[in-house]
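Student: here is the input, now give the coordinates:
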Amino acid sequence: MTVIDPSAVPTCEQPRVGERLKEARLKQSLTLDDVASRTRVSRSTLRAIESSEYDHLPADAFTRGLITLYANFLGLVGPQVADQFFMERDGGKHIHLSFLKKSRMTHALEPKKLAEPTHISSAALATILLVLIVVSFTGFCLYFAWNPFGYLVDKTRNLSSSVTNTFHPADPATSREIQPPPLTVQAVFLTDCRMLVALDNGKPMEQTYAKGTSMQWTAEREIQLEFSQPNSAQLHFNGTPLPFPDSTEGRYILRLPTLSIPYEE
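Tutor: Numbers count the residues shown, from 1 in each chain. Model prediction:
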């Protein structure tokens, strides 16, 4: 059975519920964005309520709660405004609700519950994730009978043992002297040249080379070259260009190694 409330039916003199809500909002100099941010009702839903766009609204139970929230926010009587809104939509017909439905709308669909989503703090999420990781790791260790602490201790002991055995001065196997690389000098003669060559502790030997000749000498500890004239050859020491020696009392002597030419490692 339906009961018609003539006072709730919109006439030409009485604006619709949505228009009255909009007028109340504008009197308070509020925009739809202002209302949406403070009530957590979406801007599109607020516009649909003000424009009476019934097809763009959710189910009746949710719509009633949203309208009640919006009207209360503007200082109006929310439940009464919601009833008038649905009576307008249904052509002035007032639908009687059972006691159970009224109770659900009063308690389960409170505006605050309807508008505010449930939030879980990031700290709670991190704690839950950590607990899940610990439980999963513990289950893995129990299932495979694996002791991670014993594994780490064994790894640490092996590492310490390998570091200790790497070098020991009293151990002939680990106290070998590091030998420097051999000394190598290459020469490309630019002019005919006579020179003296001494390798390591050997006796100097006199040799003559023609222009354009290439020559290489290799020694373990020392090379001494004496040229008869300046700038007579292009020199390389262990693959690196080497300047021609300066004159010392009319002699052009190259001794390797020198402090300015380190060994290549």
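
Student: and the helices in the stretch 51-200 of the chain, which stretches?
Tutor: 60-73, 78-89, 99-107, 111-115, 122-144, 148-164 (DSSP state H, counting those that start in this stretch).

Student: deepest of those, which one?
Tutor: Among these, helix 60-73 has the highest mean neighbour count (mean count of other C-beta atoms under 10 Å), at a mean of 21. For glycine as for every other residue, the C-beta is placed from the backbone atoms N, C-alpha and C.

Student: only alpha carbons, please: show that one as PDB.
Tutor: C-alpha atoms of helix 60-73 as PDB (Å, rounded to 0.1, in the frame of the first residue of the first chain):
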ATOM      1  CA  ASP A  60      18.800   3.000  -3.600                       C
ATOM      2  CA  ALA A  61      20.200   2.000  -0.200                       C
ATOM      3  CA  PHE A  62      23.600   3.600  -1.000                       C
ATOM      4  CA  THR A  63      22.000   6.600  -2.700                       C
ATOM      5  CA  ARG A  64      19.900   7.300   0.400                       C
ATOM      6  CA  GLY A  65      22.900   7.300   2.600                       C
ATOM      7  CA  LEU A  66      24.800   9.600   0.300                       C
ATOM      8  CA  ILE A  67      22.000  12.100   0.100                       C
ATOM      9  CA  THR A  68      21.600  12.000   3.900                       C
ATOM     10  CA  LEU A  69      25.300  12.700   4.300                       C
ATOM     11  CA  TYR A  70      25.200  15.500   1.700                       C
ATOM     12  CA  ALA A  71      22.100  17.200   3.300                       C
ATOM     13  CA  ASN A  72      23.500  16.900   6.800                       C
ATOM     14  CA  PHE A  73      26.700  18.500   5.700                       C
END
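
Student: what mean pLDDT does that helix get?
Tutor: Averaging pLDDT along helix 60-73 yields 94.

Student: ok, stretch 208-217 next?
Tutor: So the average pLDDT for stretch 208-217 ends up being 88.

Student: how long is that stretch end to end?
Tutor: Using C-alpha to C-alpha, to the nearest Å, the end-to-end distance of stretch 208-217 comes to 14 Å.

Student: ok, for the most far-flung residue of the chain relative to its centre, nearest residue in space, not its chain neighbours?
Tutor: Distance from the C-alpha centroid of the chain peaks at Glu206, with 69.2 Å (C-alpha atoms, centre = their mean). With C-beta to C-beta, 6 or more residues apart in numbering as the criterion, Glu206 has its nearest non-adjacent residue at 5.6 Å, and that residue is Leu196.

Student: who's in contact with that neighbour?
Tutor: If you count contacts by C-beta atoms under 8 Å, 6 or more residues apart in numbering, Leu196 has them with Pro204, Met205, Glu206, Gln207, Gln224, Leu225, Glu226.

Student: for beta bridges, what are the partners of it?
Tutor: Glu206, Glu226 (DSSP bridges).

Student: same question, Ala219
Tutor: Beta-bridge partners, per DSSP bridges, of Ala219: Leu183.

Student: any idea how many residues pack against it?
Tutor: 19 (other C-beta atoms under 10 Å).

Student: how about the one 3 residues further on?
Tutor: When neighbours are counted by other C-beta under 10 Å, Glu222 registers 14.

Student: residue contacts, it?
Tutor: Leu183, Ala198, Leu199, Asp200, Asn201, Arg255, Leu256, Pro257.

Student: how about a cut-off of 10 Å?
Tutor: By C-beta atoms under 10 Å, 6 or more residues apart in numbering, the contact set of Glu222 is Leu183, Ala198, Leu199, Asp200, Asn201, Gly202, Arg255, Leu256, Pro257.

Student: now those: which count as buried?
Tutor: Leu183, Ala198, Leu199, Leu256, Pro257 (16 or more other C-beta atoms under 10 Å).

Student: out of the residues you listed, which are inside strands?
Tutor: Using DSSP state E, the subset of these located in strands is Leu183, Ala198, Leu199, Leu256.

Student: next, give phi and psi for the closest residue to the last one other than its chain neighbours.
Tutor: Read that as Leu256. Excluding its sequence neighbours, the residue lying closest to Leu256 (C-beta to C-beta, 6+ apart) is Ile223, at 4.6 Å. With angles defined as degrees, to the nearest 10, Ile223 sits at phi -130, psi 130.
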